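> coordinates only, sequence not included:
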C-alpha cells in the first residue's frame, strides 16, 4: 500500500512538472509569435515609406537639378534600408539583422533630412501639390512606424523577460529560445522623424 502511494505521488509529480513544462513552452512560443507579428507591422509601414520616397524624389528632380548628389543619396539609402528590412523580416529579433536595420534606417532618415533641407530653398517645389500630398503621407507613415516600433519593442521586452525568468528560462534553454533584439534608433539625430512641413 505504501509503495502504491509513493508511486502515485511520483506519477502526479511527473504529470505536474510535465504540465508546467508544456505551459512554459507554449507561453514562450506565443510571446515569440507576438513579437514576430509586431515586426511584420513595422515591415508593412517601412515598405510603404520606401514606396513613397521614389515618388518624392521624382517630383523634386524637376526642381532641384543642381542637387543630384542629394537625390542619389536618398535613393541609395532607401535601397539599403529596403534590403535591411527584408533581412530583418526573415529573422525578426535577430541581433545582427535588427542592428543592420537600425543603421540603415538611421542613414535613410539622415538622407531624407538633407533632402528636406534642400527642398526648403525651392519655393515652387514647396508649393507643389503632389509634393505636399506625398510629404503628408510620409509624415503619417513615419508616425505609424514609430507606433509599430513601440509595439514591437514592448512585445520583445515581454518575450525576453519570460525567456530569462526562472523557471521558464529552463524551458527556454532546453528548446533554444534565443533572445530577441529591440528595434532601437541609436543615432541621436535620428530619434525624430524628419520634418516635412512645406507650409
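Perfect, thanks for sending it. Since this is a predicted model, take the numbers as computed values, not measurements.
> Residue 177: neighbour count?
Residue crowding around residue 177 was assessed by other C-beta atoms under 10 Å; the count is 21. C-beta: built from backbone N, CA, C; applies to glycine.
> nope, residue 174 is what I meant
Burial measure for residue 174: 11 neighbouring residues, criterion other C-beta under 10 Å.
> For the protein, give me the ranges with low pLDDT.
Judged by pLDDT under 70, the chain has its weakly predicted residues at 186-199.
> Which element is encountered next along the chain beyond the helix ranked longest in the chain?
Ordering each helix of the chain by length in residues (DSSP state H) puts helix 2-61 first. Moving toward the C-terminus from helix 2-61, the first helix or strand encountered (DSSP states H and E) is helix 68-90.
> That following helix - contacts with which helices or strands?
helix 2-61, helix 95-119 (3 or more C-beta pairs under 8 Å, 6 or more residues apart in numbering; DSSP states H and E).
> From the chain's centroid, how far away is stretch 106-117?
Here the centre of mass of C-alpha atoms in stretch 106-117, compared against the chain's by C-alpha atoms, centre = their mean, to the nearest Å, lies 19 Å away.
> Buried residues, it. List them.
Neighbour counts over stretch 106-117 (16 or more other C-beta atoms under 10 Å) mark 106-116 as buried.
> again, but for stretch 17-25
21, 24-25.
> returning to that earlier point: can you tell me which of the buried residues of stretch 106-117 comes closest to residue 172?
In terms of C-beta to C-beta, no member of the buried residues of stretch 106-117 lies closer to residue 172 than residue 106, at 31.0 Å.
> That closest one contacts residue 113, correct?
No: contact criterion C-beta atoms under 8 Å: residue 106 and residue 113 do not qualify, at 10.7 Å.
> thinking again about what came up before, in TSV: the buried residues of stretch 106-117, plus distance to residue 92.
As requested, those are arranged in TSV below (distance: C-beta to C-beta, whole Å):
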residue	distance to residue 92
106	19
107	20
108	19
109	21
110	24
111	25
112	24
113	27
114	30
115	29
116	30
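> Return the member of those residues nearest to residue 133.
Of all the buried residues of stretch 106-117, the one with the least separation from residue 133 (C-beta to C-beta) is residue 116, at 15.2 Å.
> gap between that closest one and residue 141?
According to C-beta to C-beta, to the nearest Å, residue 116 stands 15 Å off from residue 141.
> Kindly report the same for residue 172.
For residue 172, the distance to residue 141 under the criterion C-beta to C-beta works out to 35 Å.
> cool, and residue 123?
25 Å.
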